[in-house]
Each structure stands twice: as C-alpha cells, then as structure tokens.
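S.K.: Next come a sequence and a model predicted from it.
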2 protein chains.
Amino acid sequence: MIFSAKTEYGVRLMVELGRHGDGPQPVSLKTLAAAEQLPLSYLEHVVAALKRAELVTASRGAHGGYRLARSAAEITMDEVVHALEGTIAPMECFADGEHHRVFCSHEGQLGQHCATRLLWTRVQSGVVRALQTTTLADLVAFAGHGPDAVAGSTHATGLTPAPALGQAPPLARAL
Amino acid sequence: MIFSAKTEYGVRLMVELGRHGDGPQPVSLKTLAAAEQLPLSYLEHVVAALKRAELVTASRGAHGGYRLARSAAEITMDEVVHALEGTIAPMECFADGEHHRVFCSHEGQLGQHCATRLLWTRVQSGVVRALQTTTLADLVAFAGHGPDAVAGSTHATGLTPAPALGQAPPLARAL
DNA sequence: ATCAAATCCTACCAGCGGAGTCGGAAACCG
DNA sequence: CGGTTTCCGACTCCGCTGGTAGGATTTGAT
C-alpha cells in the first residue's frame, strides 16, 4: 500500500470538513468520527497532524471543533498527504531527512550511477502531479455524485488513459 | 516509502542482468550481489520472485546463474515491480485479493460514495503510467550515462514538469 | 462557580511485515 | 565424486502502524 490508513482517515476527515462548508460553528471530532465510523481516539492524532500543517484550525472548549483553514478549492491534496504521510518518496534514498528535498543518495562513482533513479523519478513525478492537480474541492464535489467522472475529464492533463502495451498489463486492470 | 527495499534490489538486479546482454553463459547471483554490494542470501528471495513471474530464467549447477527471460526492451518496469511488490494500490480498499483488479470496496450506499476514491485513482494512474512507459532497456541505457536526461526527454508524455501552483509545493522540490 | 464538552498532549502497547540469516537439499558440470 | 550453484523453508530481529488510555486545559452554558 502506498499510503497508510492514517492518510486515508485524514483525507476523509478533510472531505467531511469540506462538506460542512464554512458555517460559523466548527465540527467536533466526535461528529466526524461518527460520520466516517472511525475510532475517535485515533482521529485525534490524525487531526493533530493536519493542524500542525495549518490545514485546519481548532476551537477548544464546549461547542468547539475543527474547520478548514482555507477554502477547499485552495487546498491541494499534495499538502494534505504531505502533512499526514511525511515526505513522499518512492524509495528510501530519495528522501532527504533535512528539508524534504528529493534526490538519490546512491550516486555511484565513475560515470555510471544509481540505475534505478530514472524509474523512481518518473514514479515520483506521477504521484506528485496527481496530488498537486487535485484539490480538496474536487473530492468534495465528487463525494456527492454517483460513480462516474472518475476516468472521465482526464483531469487537466489531457492524457489518453494509458496505451494498451504488450499483453494485459499486470497492474491496474480496472483503470 | 512507496516501494520496499526488495523492489529496489530486484530492479537493480534486473538492470545488472540487462547490462550483461545475452551472452551464452548466465550470471550467478554471487556475481550480481558483488556488483551491487547486496546481501547474497537476501537476493535469493528477490530473484525467486522474479523467476516466479517468468522475468528471468535460471540454470542450476556449476556455472549456472540467471538471465533475462526476454530482451530488456520487452520488459516493462510495471511487470518487474508487480512481481516484487505484489499488487500496487494506493490504499487497502483498492486491492482486490482475487485477480489484482482495482476498485474501492468502501462504496457507500445512497449515492454518496467513498470520497477518497477519486484521489487514489488518480495517484494509481500516475504510478502505473510511469511504470508502464519505462522499460528495462531504458534503465540499462541510463545506467551508463552521466546524471542528465532524467528530467530531460519528458519521457514520452510531453508534459511540462509540473506547473508551479500556489506557493512552493511541499513535495518533490527537486523535480 | 460549576459542570460538561471539547481539544490537547504524552505515554503506552500489540501485531505485522520487512530485511536479513541460516541450513540443507537438489541439480548440474568437469 | 566434488565443487558450484540454484532452490526451499524456517527462523530471528526490529521498527512502524494502528489503536488505546489517561489526564490536563480551555471554553461555553447553566
């Protein structure tokens, strides 16, 4: 699995917050937990990460709760996932502990270098592009509709849905 | 990390095999382990997975070893990664244990459904596309060169390298 | 003032999978 | 036969993930 349950929960949580729009009163965690049927105590950790990243704001005390820090359209899923998952890298050597820069630490000497780097770079690029071009508002809008428009509206890139190369590709048959 | 070390090792191993071209004698694991400085005993597991997927063939006994089952140009990294990592899904509910079909099992009732599905579908699509459009031959060719041409030759898609949207994107600053 | 409803914070735990080791059996070649 | 190599299964170690628990703090309502 690429992403952890924590991230799944967090995204769900954000979507749920997005659906509540920006009414004056915030939404309590208990409400959110009930709506998504997730363990409240664990959600505390999740929402803490979101708050640290300044994606949600909290009001404490009675009738307190959480609300989005910005409008859903201004929040890219890139930010959300990053807040929950930490640096996203396809491979260990791609993550710089320091400032989340991305590179490969295996740089071989003598001209030839880390052969896998090309691949991981491409994969990373694919993931990042998908996350950056999707906003929370997209998900909120999607949440209400019936199951269509997933593959439709090729999502800003205008790419054809992957050419059928070779025999049946082992991954992602249902895309 | 999206991929495990096992996958990293496996890809390295395949690249190394690809570099040896198809001379008549196969390459022993010991040789490969030495070339990549990886633990031999662990590589046994890795190469076993590759063999199961019919990506390499083995000859036992003295002067035995492994060779690619097909030419490097005919092997997509999609296949390699799938053999090593199993089904690649961004999220638990996306992986169907049965036949690697991809879907989401959280289908909510009453019109509204699993809000995160849109996101995971896009991510998955990005990863799969990257893996499918990269062949082992690409990596082999890359392995000998100096560190360029990574971002260059936008890898068949012709996409611009991700627009700078909003403030500095938290992921992948060095792409 | 008091109480209840929230967020907040830290520590803790159990299970699982990943990375790696080991020992031995079978196959193949000279 | 003997060395080399693949093959196979069992085993260990360890960190991370998901989840729980308990208490402190803030706030609004009565």
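M.R.: Yep, that arrived. Numbering: from 1, shown residues only, chains lettered A, B, ... in the order given.
S.K.: For whichever residue of chain A sits closest to chain B, give me its contacts.
M.R.: Proximity of chain A to chain B (C-beta to the nearest C-beta) peaks at residue A:126, 3.2 Å away. Where C-beta positions appear, they are placed from N, C-alpha and C, glycine not excepted. Residue A:126 makes contacts with B:125, B:126, B:127, B:129, B:130, as judged by C-beta atoms under 8 Å, 6 or more residues apart in numbering or on different chains.
S.K.: Residue A:131 is in contact with residue B:123, isn't it?
M.R.: Yes: contact criterion C-beta atoms under 8 Å: residue A:131 and residue B:123 qualify, at 6.7 Å.
S.K.: one step back: how near is the residue of chain A closest to chain B to DNA strand C?
M.R.: To DNA strand C, residue A:126 is 21 Å away according to C-beta to the nearest atom of the strand, to the nearest Å.
S.K.: Could you check how far that residue is from residue B:134?
M.R.: Between residue A:126 and residue B:134 the computed distance is 11 Å (C-beta to C-beta, to the nearest Å).
S.K.: next one: residue A:20
M.R.: Relative to residue B:134, and taking C-beta to C-beta, residue A:20 is found at 42 Å.
S.K.: of these two, who's got more company?
M.R.: Between residue A:20 and residue B:134, counted using other C-beta atoms under 10 Å in any protein chain shown, the more crowded position is residue B:134 (23 against 18).
S.K.: these two touch, right, the more buried one and residue A:120?
M.R.: No: Residue B:134 lies out of contact with residue A:120 (C-beta under 8 Å); the separation is 10.2 Å.
S.K.: if we can go back for a sec, of the contacts of residue A:126, closest to residue B:90?
M.R.: Using C-beta to C-beta, the shortest approach to residue B:90 within the contacts of residue A:126 belongs to residue B:127, at 7.7 Å.
S.K.: Within the helices and strands, which one has the closest one?
M.R.: Assigned by DSSP states H and E, residue B:127 belongs to helix B:117-132.
S.K.: average pLDDT for that helix?
M.R.: Taken as a whole, helix B:117-132 carries a mean pLDDT of 94.
S.K.: Distance check, the residue most central in space within chain A against DNA strand C.
M.R.: Residue closest to the mean C-alpha point of chain A, counted by C-alpha atoms, centre = their mean, is residue A:81 at 3.3 Å. Going from residue A:81 to DNA strand C by C-beta to the nearest atom of the strand gives 20 Å.
S.K.: Is that residue within a helix or a strand, and which one?
M.R.: Using DSSP H and E, the element containing residue A:81 is helix A:77-85.
S.K.: Can you pull out the residues in contact with that helix?
M.R.: By C-beta under 8 Å, 6+ apart, the list of residues contacting helix A:77-85 from outside reads A:3-4, A:6-7, A:10-11, A:14, A:46, A:49-50, A:52-53, A:55, A:88, A:128, A:131-132, A:134-136, A:139, B:119, B:169-171.
S.K.: Now do the residue of chain A found nearest DNA strand D, the pLDDT please.
M.R.: Closest approach between chain A and DNA strand D, counting by C-beta to the nearest atom of the strand: residue A:61, at 2.2 Å. pLDDT recorded at residue A:61 is 97.
S.K.: For it, what are phi and psi?
M.R.: Residue A:61 has phi and psi values of phi 80, psi -180 when expressed as degrees, to the nearest 10.
S.K.: hmm, back to that, closest to chain A out of the contacts of residue A:126?
M.R.: Taking C-beta to the nearest C-beta as the measure, chain A lies nearest residue B:126 of those, at 3.2 Å.
S.K.: Point out where chain A drops to low pLDDT.
M.R.: Within chain A, the stretches with pLDDT under 70 are A:95-113, A:145-175.
S.K.: Could I get the full set of helices for it?
M.R.: Counting by DSSP state H, chain A has helices at residues A:5-19, A:29-36, A:40-52, A:77-85, A:117-132, A:136-144.
S.K.: any chance of the ones you listed in JSON lines, with distance to residue B:71 too?
M.R.: What follows is these, written out as JSON lines (distance: least, C-beta to C-beta, whole Å):
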{"stretch": "helix A:5-19", "distance to residue B:71": "39"}
{"stretch": "helix A:29-36", "distance to residue B:71": "49"}
{"stretch": "helix A:40-52", "distance to residue B:71": "47"}
{"stretch": "helix A:77-85", "distance to residue B:71": "37"}
{"stretch": "helix A:117-132", "distance to residue B:71": "18"}
{"stretch": "helix A:136-144", "distance to residue B:71": "42"}
